[in-house]
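Participant: The sequence and its predicted three-dimensional model are supplied below.
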Amino acid sequence: MPRKYTRKSAKGLYDPGEMKKACELVLQGRSIRDVCKQYNVTRETLRRKVNAIKAKKEVTFTPKYNHRQVFNQDQEDKIVHYLKLSCAMFYGLTSTDCRKLAYQTARINEMSYPSSWDKDGQAGEEWLRCFLLRNRLSLRSPEGCSLARASAFNRVNVKAFFDNYKKLIDKHPSLCDPSRIFNLDETKTLTVVDSGKVIAPTGIRAVSAIQSQERGTLVTTCCIIRADGNSLPPVMIFPRVNYKIYMAQMR
């Protein structure tokens, strides 16, 4: 069976609103067979819900396709909100942290969950994979950010920056030209390209690949774009103690 099942037909599916209308017509005296043909719903499902309404039981018209989920939608929304809030505060949870959080939440609230969770002390990998798919989350590699930089990025400092920028624009209106507004972002570039994954026998501790150098040199690459959409050639800054003028000259 594939990891993600794909339905082959629409048999058994129904619209909650149509099912509710069908139950109301049956309770008014219409036959179940005629109502099923009119709203294209399953006869046994309609009969079961009508009998539950007559017995004054709690009836939900939403299909219970998630009856085996550990958490309901409201509980998962709270977990998602906590994960997003932690990520926005630069303290995002890893996959292991998320699995432990799910296990602790289920255990403290005395929910029904797989016994393997107690053995490992965390939720399973399959639960995490399905949880991420249901809530449009993904595993990302975070970019390193110092505490000073993270604490400096706040509403007060951002407002002060734009206030100063507005004063500068008012003083020099020529700077409003999009061709004079630049945005620069820097990234790291290594002179040695990382090797891709290779097939190797199991049990081997180290797998190597031939490269030009064992350890590359870290180069700072700056990408610059203007507000009008045009970009400048990338700037690459090579680290060197003794810089010579002829190194930057074109030959």
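Facilitator: Looks like it came in fine.
Participant: In PDB, list the C-alpha atoms belonging to the helix or strand of the chain with the lowest mean pLDDT.
Facilitator: Across the helices and strands of the chain, mean pLDDT, DSSP states H and E gives its lowest value to helix 147-152, namely a mean of 80. Below are the C-alpha coordinates for helix 147-152, written out as PDB (Å, rounded to 0.1, in the frame of the first residue of the first chain):
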ATOM      1  CA  LEU A 147      20.800  37.100  19.700                       C
ATOM      2  CA  ALA A 148      21.800  40.800  19.200                       C
ATOM      3  CA  ARG A 149      20.500  40.900  15.700                       C
ATOM      4  CA  ALA A 150      17.300  39.100  16.600                       C
ATOM      5  CA  SER A 151      16.600  41.400  19.500                       C
ATOM      6  CA  ALA A 152      17.300  44.500  17.400                       C
END
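Participant: Tell me where the stretch 151-251 of the chain has strands.
Facilitator: Ranges of strands within the stretch 151-251 of the chain are 182-190, 218-226, 231-237, based on DSSP state E, counting those that start in this stretch.
Participant: List the pairing partners of the last one within its sheet, with orientation.
Facilitator: I take that to be strand 231-237. strand 218-226 (antiparallel) (DSSP bridges).
Participant: In CSV, list the C-alpha atoms belonging to the partner strand.
Facilitator: What follows is strand 218-226, C-alpha atoms only, in CSV (Å, rounded to 0.1, in the frame of the first residue of the first chain):
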residue,chain,number,x,y,z
LEU,A,218,34.8,30.9,2.4
VAL,A,219,33.9,33.7,-0.1
THR,A,220,31.3,36.4,0.7
THR,A,221,28.9,36.8,-2.3
CYS,A,222,26.7,40.0,-2.4
CYS,A,223,23.7,40.1,-4.7
ILE,A,224,22.3,43.6,-5.5
ILE,A,225,19.0,44.6,-7.1
ARG,A,226,17.5,47.9,-7.7
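Participant: Check the offset of that strand from the chain's centre.
Facilitator: 27 Å (CA atoms, centre = their mean, to the nearest Å).
Participant: before we move on, what about stretch 167-183?
Facilitator: In terms of CA atoms, centre = their mean, the centre of stretch 167-183 is set 37 Å apart from its chain centre.
Participant: What segments of the stretch 1-150 of the chain are helices?
Facilitator: In the stretch 1-150 of the chain, the helices defined using DSSP state H, counting those that start in this stretch lie at 16-27, 32-39, 43-54, 73-88, 95-108, 116-120, 125-134, 147-152.
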